[in-house]
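Enquirer: Provided below for reference: sequence and predicted model.
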Amino acid sequence: MKTKQRSLTITRSIHWSMAILVIPLATLGFYMANTQSYELYSLHKSFGVIALVLIIFRLFWRTLNPWQSSTKGTKTGKLVKRAHIILLLLLMAMPITGFLLSGLGGHGVSVFGLPIIPTQHDSQGLAIPFNKTLSDFGYLAHEVIAYLFSAMVILHIFAALKHHLIDKDNTLKRMLGSED
């Protein structure tokens, strides 16, 4: 029983760490895209790399500790499972497409100044893409995935509220840690 409790605590910690990191990261991304706030890009990329590491850990943890939905065996069980898989895939695709966009676009990727992918600039300071085709694909995919991810997060929040307010089950309480 102690192992199960520890597993739930780690699962909750990963879940809320992701929410605390990724929702502001997406919000910052939308802000930057709409205001051309170039000075924020290095911060966005740094936290994006951290998010990627956490996402990989989350997928590893979830493989070892499969999630049990309260909808398992119901009419909506398969839909809920697919929605979670889509959310996880989008979580993974977001930083990967960011790497393509920025890294292969010659803008580089670093974590708080520590370079992961170097920048490449011409004499006027303009980025020279390492691979323009993949960078352009990354740009488009990063933008589309940002909107899809945002829609999935909103759906996820509404589903949690539905469980709590309409179904009156313990799903939200369990994820908040007030009921195991």
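Expert: Thanks, I have it. The shown structure was predicted, so the numbers you read here are calculated from the model rather than taken from an experiment.
Enquirer: mind listing what's buried in stretch 137-144?
Expert: 138-139, 141-142 (16 or more other C-beta atoms under 10 Å). No exception for glycine: its C-beta is placed from N, CA and C like everyone else's.
Enquirer: counting contacts, what elements does the longest helix seen in the chain pack onto?
Expert: Under DSSP state H, the helix in the chain containing the largest number of residues is helix 2-35. Using 3 or more C-beta pairs under 8 Å, 6 or more residues apart in numbering; DSSP states H and E, the elements in contact with helix 2-35 are helix 41-64, helix 77-98, helix 132-162, helix 171-176.
Enquirer: what's downstream of the second one, the next helix or strand?
Expert: Translated: helix 77-98. Sequence-wise, the next helix or strand downstream of helix 77-98 (DSSP states H and E) is strand 109-111.
Enquirer: Flag the shaky bits of this structure, pLDDT-wise.
Expert: Residue ranges of the chain with pLDDT under 70: 1, 69-71, 179-180.
Enquirer: what residue is smack in the middle of the protein?
Expert: Nearest to the mean C-alpha position of the chain, counting by C-alpha atoms, centre = their mean, stands Leu91 at 3.3 Å.
Enquirer: My read is that that residue contacts Met152, right?
Expert: No - with contact defined as C-beta atoms under 8 Å, Leu91 does not count as touching Met152 (9.1 Å).
Enquirer: Now do the phi/psi pair for the most far-flung residue of the chain relative to its centre.
Expert: Going by C-alpha atoms, centre = their mean, the residue of the chain most distant from its centre is Ser123, 35.7 Å out. Main-chain dihedrals, Ser123, degrees, to the nearest 10: phi -70, psi -20.
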